[in-house]
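# Let me see the structure of the following:
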Amino acid sequence: MVKNQVSVESEAGKKAGARSFPLEDIRNIAFIAHIDAGKTTVTERILFYTGRTYKIGEVHEGTAVMDWMEQERERGITITAAATTCYWQNHRINIIDTPGHVDFTAEVERSLRVLDGGVVVFDAVAGVEAQSETVWRQADRYHVARICFINKMDRVGANFQRTVDMIEGRLQARVLPVQLPLGSESSYQGVIDLLENKAWSFDGKSGSDPVEVAIPESEQSRCIQFRQALIEKLAEVDDQIMLAYVDGKDITAVDLKKALRRVTLANKGVPVLCGSVLRNKGVQLLLNAIVDYLPSPLDMPPVRAIDAKASGEVTRQASDDELFTALAFKVVSDPFVGRLVYLRVYSGKVQAGEQAYNSTRSKRERMGRLLLMHANHREEIAEADTGSIVATLGLKETFTGDTLCHPSHPVILESIRFPEPVISVAIEPKTKADQDKMGEALQKLTEEDPTFKVFYDRDTGQTVISGMGELHLDVIVNRLLTEFKVGAKVGRPRVAYKETITKSVESEGRFIRQTGGHGQFGHVWVELEPGERGSGLEFINRLKGTTIPRQYVPAVEAGIKEAMETGVLAGYPVVDIKATLYDGSYHEVDSSELAFKMAGSLALKKGVTKAGPILLEPIMKLEVVTPEQFMGDVIGDLNSRRVHVESIETHGEMATIYALIPLAETFGYATSLRSITQGRATHSIEVYRYQELPAALVARVIDKDGAENA
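Numbering: from 1, shown residues only. As a prediction, this is how the structure comes out:
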């Protein structure tokens, strides 16, 4: 059924605060994709066709409902994940529209952590792009069931089959096309439904329904071939289709739909649809697929948690009868209502004004007002039940990744991991009044964004802010100036280098202070060894006997950790070290935790100096899409930036260059690329790994940092 159900769904929406939807009729989903694939446009059309909005918002006009921030409207991109709720075929669909730019990948990470399903949007011309791979891996990590929607089928160069092949090849997915495009580029008019053997045509007018048309004779054989291929692919992973296929039984559209749902929920395959949402083609069929194939909370395995009292693992079923358990996945400082905390309720229910327990921080919290969010608009509700995604006011001690639960049985859900920032700038207030405002504003921004860090450098007296890229920090600074009205001066971007060691050493740390009365005595021997990239600190206690009392060992580890915050070469954090405590001595009267903490710190500093310290720099994955005529100039420019070109693919007149580039070489690259290619090339960058900075450049980095801090 594809008929628009605006009147029915609008009525359902009005009753949403008064009644609960059955759990099997709830879909919690995200739209995820590379930047500019059309996620926000898809969401805007869905809100219109479900009756949630009466007018279609456009990204390019700055009228998109989901891009509600001033900066999103100015830049034409999504910066923050926005939540909304709509209704289709008596189902409640909770949607989060996520950013596509790599600098805001934390928004995708936290959204996928709490959602059950996802719609991955692809550009029919570009196919699988760099950030498409990133969000796909994120969805894999959280076992999110997904469907694919190939958008922009009406654009010049749109190629459905090429995009399907790229999804299969680059993302290693079992693709299950359930539609074929009817026409292409300027002649694109609709889709062929392989399950029903029907064709649907769209006139492109907003609000109009698809019209059933005859499948063209020229497409008949192709349709039969693709339907047969779909059945064979399903038979490989679904026993019921396999039995029917082997027995030669007729496999109906209903059989295929049920099998597609089973396969999608098990993450064994991905249904693929297509359309052109800007021209209002394919939206209703996509809504039907969301309802038909993506999971309800009941389809998900019981959520696992750690019992905060007994330390064992417990599970929570998706049921209102279970004890209340929810995960805070987003904090927002709303200028009108204050601090909003977004929650996903996994089990049980909670009422406004009721008390909950933050088991992550061992704090009791009172749930204030409960709100259903529609971008930046709020609808107050009395109760949040299982499967809900809501925001609440009044939680003062709850932050991103915290668990809220029933006070009688505290449990802790798995938190959310975020990548480390890779770029920094120094920021300072213009006046004394701005200094107080800046501190308060930065605190609110760090609560909102876990990938945004603030550090006060005592040596230089500077406040240093760090983020995921130039755009990320540009947005943060812009918010400081416009939203929080802070007058500030900003330094130029700095790379977040790290330091590590290259050889094993033994290092002694002695901290002895003699004063009147009790002195301080701490003495340790530590072996330092290089660790694997990304391992951080691995601390091992190999003490024998009572060389050092057990209660002082954690203090030694704490001292080593603290000393790793500033390295010996240029003051960057030290990473990837294996530290083994194997000997030392203590004084029965003068030894203390402080003394052993200082001893551990001294051992680390001395040891790193002798262990061949090196600088590590962040390396980025770079993808450049350029007209072939400019490819030589683009590669020449890349070669001047210490780039390692991995591969080049050509598609018609366009070429895609895949390369690895040091972050330090990316500053100003967008401007350079635009000038080389007359503004016709695009590029995307994401963090890949840290690797050793060439020795010839180490002195330059150290000298530059020293000059800046002088």
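# Helix or strand with the lowest mean pLDDT in the protein?
Ranked by mean pLDDT, DSSP states H and E, the weakest helix or strand in the chain is helix 6-15, scoring a mean of 38.
# burial measure for S184, as a count.
As a burial measure, S184 scores 17 neighbours (other CB atoms under 10 Å). From N, CA and C alone the C-beta is placed, and that goes for glycine too.
# cool, the one 5 residues further on as well?
By the measure other CB under 10 Å, the count of residues near Q189 is 22.
# The stretch 101-250 of the chain: strands as residue ranges?
If DSSP state E, counting those that start in this stretch is used as the criterion, the strands of the stretch 101-250 of the chain fall at 117-123, 145-151, 175-177, 179-182, 190-193, 198-201, 211-213.
# possible to save those as CSV with mean pLDDT and distance to I46?
Formatted as CSV, the strands of the stretch 101-250 of the chain follow (pLDDT from 0 to 100; distance: least, CB to CB, whole Å):
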stretch, mean pLDDT, distance to I46
strand 117-123, 94, 9
strand 145-151, 96, 11
strand 175-177, 96, 21
strand 179-182, 94, 17
strand 190-193, 94, 17
strand 198-201, 94, 17
strand 211-213, 92, 20
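# looking at the ones you listed, which is closest to A30?
Closest to A30 of the strands of the stretch 101-250 of the chain, according to CB to CB: strand 117-123, at 4.9 Å.
# helices or strands up against that closest one?
Applying 3 or more CB pairs under 8 Å, 6 or more residues apart in numbering; DSSP states H and E, we find strand 117-123 packed against strand 26-33, helix 39-49, helix 130-141, strand 145-151, helix 283-293.
# Name the residues that touch stretch 177-191?
Defining contact as CB atoms under 8 Å, 6 or more residues apart in numbering, one finds that stretch 177-191 is touched by 153-160, 164, 192-195, 199-202, 210, 213, 216, 219, 222-223, 226, 230, 260, 271-276, 281-282, 285, 289.
# Export the lengthiest strand in the chain to CSV, keeping only CA atoms.
Across the chain, the strand with the greatest residue count (assigned by DSSP state E) is strand 614-627. Taking Å, rounded to 0.1, in the frame of the first residue of the first chain, the C-alpha atoms of strand 614-627 are listed here in CSV:
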residue,chain,number,x,y,z
ILE,A,614,59.4,10.4,18.7
LEU,A,615,56.5,12.5,17.6
LEU,A,616,53.4,10.9,16.1
GLU,A,617,51.1,12.9,13.7
PRO,A,618,47.5,12.2,12.7
ILE,A,619,47.1,10.8,9.2
MET,A,620,43.8,11.3,7.4
LYS,A,621,42.0,9.3,4.7
LEU,A,622,41.5,11.7,1.8
GLU,A,623,39.0,11.2,-1.1
VAL,A,624,39.0,13.7,-3.9
VAL,A,625,36.4,13.6,-6.7
THR,A,626,37.6,15.7,-9.7
PRO,A,627,36.9,16.1,-13.4
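# Distance from the chain centre to whichever helix or strand comes after it, please.
Moving toward the C-terminus from strand 614-627, the next helix or strand (DSSP states H and E) is helix 631-639. Distance of helix 631-639 from its chain centroid, counting by CA atoms, centre = their mean, to the nearest Å, is 31 Å.
# Same question for stretch 345-356.
Averaging C-alpha positions (CA atoms, centre = their mean) puts stretch 345-356 26 Å from its chain's average.
# now it: mean pLDDT?
Across stretch 345-356, the average pLDDT comes to 92.
# Next, the buried residues of that stretch.
In terms of neighbour count (16 or more other CB atoms under 10 Å), stretch 345-356 has its buried residues at 345-350, 352, 356.
# which other residues reach it?
297, 303, 316-327, 364-370, 381-390, 392, 404-407, 413.
# Drop anything exposed from those residues.
297, 303, 316, 318-319, 322-327, 365, 367-370, 381, 384-390, 392, 404-406, 413.
# and the closest residue in space to R170 that isn't next to it in sequence, how many neighbours does it have?
For R170, ignoring the flanking residues on the chain, the nearest one in space by CB to CB, 6 or more residues apart in numbering is V128 at 4.7 Å. Residues within reach of V128, counting by other CB under 10 Å, total 22.
# who's in contact with V128?
Taking CB under 8 Å, 6+ apart, one finds 122, 163, 166-167, 170-171 in contact with V128.
# give me that answer again for 10 Å
34, 120, 122, 136, 162-163, 165-171, 173 (CB atoms under 10 Å, 6 or more residues apart in numbering).
# neighbours around the spatially closest residue to M598 that is not a sequence neighbour, how many?
Ranked by CB to CB, 6+ apart and with sequence neighbours excluded, the top spatial neighbour of M598 is F511, at 4.0 Å. By other CB under 10 Å, 22 other residues sit near F511.
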